[in-house]
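In: Provide a 3D model corresponding to the input given below.
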Amino acid sequence: MHADSCPVEFDPAGPDPVALAARIKAWAHELGFARAAIAGTDLRHAEQGLSDWLAAGFHGEMDYMARHGLKRARPAELVPGTRSVITVFMPYQPPGAAGAEANLADGERAYISRYALGRDYHKVLRNRLQKLAERLAASIGPFGHRVFVDSAPVLEVALAVAGGQGWRGKHTLLINRDYGSYFFLGELFTDLALPLDDPLPDEHCGRCTRCLDACPTQAIVAPYQVDARRCISYLTIELQGSIPVEFRPMLGNRVYGCDDCQLVCPWNRFAVTSEEADFHVRHGLDDVTLVELFAWSAADFSERMAGSAIYRIGYERWLRNLAVGLGNAPTTPAVLAALQSRVQDESGLVREHVAWALARHAGQA
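Out: I've put the predicted structure just below:
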């Protein structure tokens, strides 16, 4: 934990913990978070599910998911001294973005997950959470803390559920009745004995199975259980090598991530657009053709994707994904010319996917 201090017990003569918790939530709102809540560290109820998920191999190549074992479900072991966790979320839907459904329906256009149309969320949320910690320290003095934003073995959804931020949907994402599921999560682990918020009494998905039915690759193998190895977000972002041939046609024009399970969720009729300028669309990524993106040079990619979550997959995998999208696109002279331009690409990974795409247009794949 940051800050050289022992776990903080509140002095009866000092700040009232309930009042302090209310101030923390108000500060979080001022910093751009839609909601803040306080969760405890007891996630024992999540341990068996985590163990079973890892044992089934559903994490695929994401070895970091297994590296810390059950520490992921034990915040006080992950960060010794942790007594309460401040969980926050921030909406990310960019205002004015081209419609997702129309984009997906046009095979010549590239579909990029809504969360990645703007700047990388990691730095945005991490900086805001650090500012929250600084405000708290200015109020009560030094305290032990550590910020997490999708950056360590933290069970973010479980912590958010424990704090009453919403419930886990059948697609495994957090759903809030007032905001849907289009938001980023972040956590501030603290050594403060803050009053805890109550979880919701139950989940609100009922008998709905729209997310399971809509998944292009049937990655949601059961309610609340995703096999990442089948998930388009995993295949286009986490997977290092070749995309399995069986899944390539199912990707359609999705070249970075997938939102299908969220697009069909009834709760997302309550989703709001983001007021955060960093999440607004950059470089027209909400409405761009596959051919145009495939023509980018390595320098173009580095320049335009700097500061974007997309940057971390690198230029080679970016072209890999686009080649698959072009293989699924309508057979037009522009699409074929784009693919032919990279038949001799220096990357074997790109060449393989280009060859598959051309064979698909020739009716041979």
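In: how long is stretch 90-97 end to end?
Out: End-to-end span of stretch 90-97 (C-alpha to C-alpha, to the nearest Å): 18 Å.
In: try stretch 108-125
Out: So stretch 108-125: terminal residues 34 Å apart, C-alpha to C-alpha.
In: Now that stretch: buried residues?
Out: The neighbour-count check on stretch 108-125 (16 or more other C-beta atoms under 10 Å) flags 108-121, 124-125 as buried. C-betas here are computed from N, CA, C, even on glycine.
In: Those residues in strands, which ones?
Out: Per DSSP state E, strands hold the following members of the buried residues of stretch 108-125: 111, 112.
In: isn't residue 233 right up against residue 111?
Out: No - with contact defined as C-beta atoms under 8 Å, residue 233 does not count as touching residue 111 (11.9 Å).
In: Longest helix in the chain, please.
Out: In terms of residue count, the longest helix belonging to the chain (DSSP state H) is helix 121-140.
In: now the host helix or strand of residue 337: how far from the chain's centre is it?
Out: Assigned by DSSP states H and E, residue 337 belongs to helix 333-340. For helix 333-340, the separation from the chain centroid amounts to 32 Å (computed by C-alpha atoms, centre = their mean, to the nearest Å).
In: so what does that helix touch, helix or strand wise?
Out: Counting contacts by 3 or more C-beta pairs under 8 Å, 6 or more residues apart in numbering; DSSP states H and E, helix 333-340 packs against helix 290-294, helix 314-328, helix 348-361.
In: Now for the nearest residue in space to residue 178 that is not next to it in sequence: which residues touch it?
Out: Among residues not flanking residue 178 along the chain, residue 270 sits closest, at 5.8 Å (C-beta to C-beta, 6 or more residues apart in numbering). Going by C-beta atoms under 8 Å, 6 or more residues apart in numbering, residue 270 touches 177, 178, 179, 180.
In: average pLDDT across the strand or helix carrying residue 301?
Out: Per DSSP H and E: residue 301 is located in helix 298-304. Averaging pLDDT along helix 298-304 gives 97.
In: Touching it from outside, list them.
Out: Helix 298-304 is contacted by residues 282, 283, 296, 311, 315, 318 when judged by C-beta under 8 Å, 6+ apart.
In: Also stretch 333-345?
Out: 108, 290-291, 294-295, 319, 323, 326-327, 329, 350-351, 354-355, 357-358, 361.
In: Show me which residues of stretch 22-30 are buried.
Out: 23, 24, 25, 27, 28.
In: coming back round to it: which of the helices and strands packed on helix 333-340 has the highest mean neighbour count?
Out: helix 314-328 (a mean of 24; mean count of other C-beta atoms under 10 Å).
In: what does it rub up against?
Out: For helix 314-328, the external contacting residues (C-beta under 8 Å, 6+ apart) are 107, 110, 236, 240, 242-243, 248-249, 251-256, 290-291, 293-294, 298, 301-302, 305, 310, 313, 335, 338-339, 342, 345, 347, 349-350, 353-354, 356-358, 360-361, 365.
In: Go again with 7 Å.
Out: Here helix 314-328 makes contact (C-beta atoms under 7 Å, 6 or more residues apart in numbering) with 107, 110, 236, 243, 248-249, 251-253, 255-256, 290, 293-294, 298, 301, 335, 338-339, 342, 347, 349-350, 353-354, 356-357, 360.
In: With just CA atoms, put it into CSV.
Out: The C-alpha coordinates for helix 314-328 follow below in CSV (Å, rounded to 0.1, in the frame of the first residue of the first chain):
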residue,chain,number,x,y,z
GLY,A,314,0.2,-3.4,-31.8
TYR,A,315,0.2,-2.9,-35.6
GLU,A,316,0.6,-6.5,-36.5
ARG,A,317,-2.5,-7.8,-34.7
TRP,A,318,-4.4,-4.7,-35.8
LEU,A,319,-3.8,-5.8,-39.4
ARG,A,320,-4.6,-9.4,-38.5
ASN,A,321,-8.0,-8.4,-37.2
LEU,A,322,-8.7,-6.1,-40.2
ALA,A,323,-7.7,-8.9,-42.6
VAL,A,324,-10.4,-11.1,-41.1
GLY,A,325,-12.9,-8.3,-41.3
LEU,A,326,-12.0,-7.8,-45.0
GLY,A,327,-12.4,-11.6,-45.5
ASN,A,328,-16.0,-11.2,-44.2
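In: ok and that helix relative to helix 333-340, angle-wise?
Out: Interaxial angle, helix 314-328 versus helix 333-340 (axes from the mean of the first three to the mean of the last three C-alpha atoms, to 10 degrees): 140 degrees.
In: Quick check: mean pLDDT of helix 314-328?
Out: Averaging pLDDT along helix 314-328 gives 98.
In: Next, the angle helix 348-361 makes with that helix.
Out: Put simply, helix 314-328 runs at 10 degrees to helix 348-361, going by the same axes, to 10 degrees.
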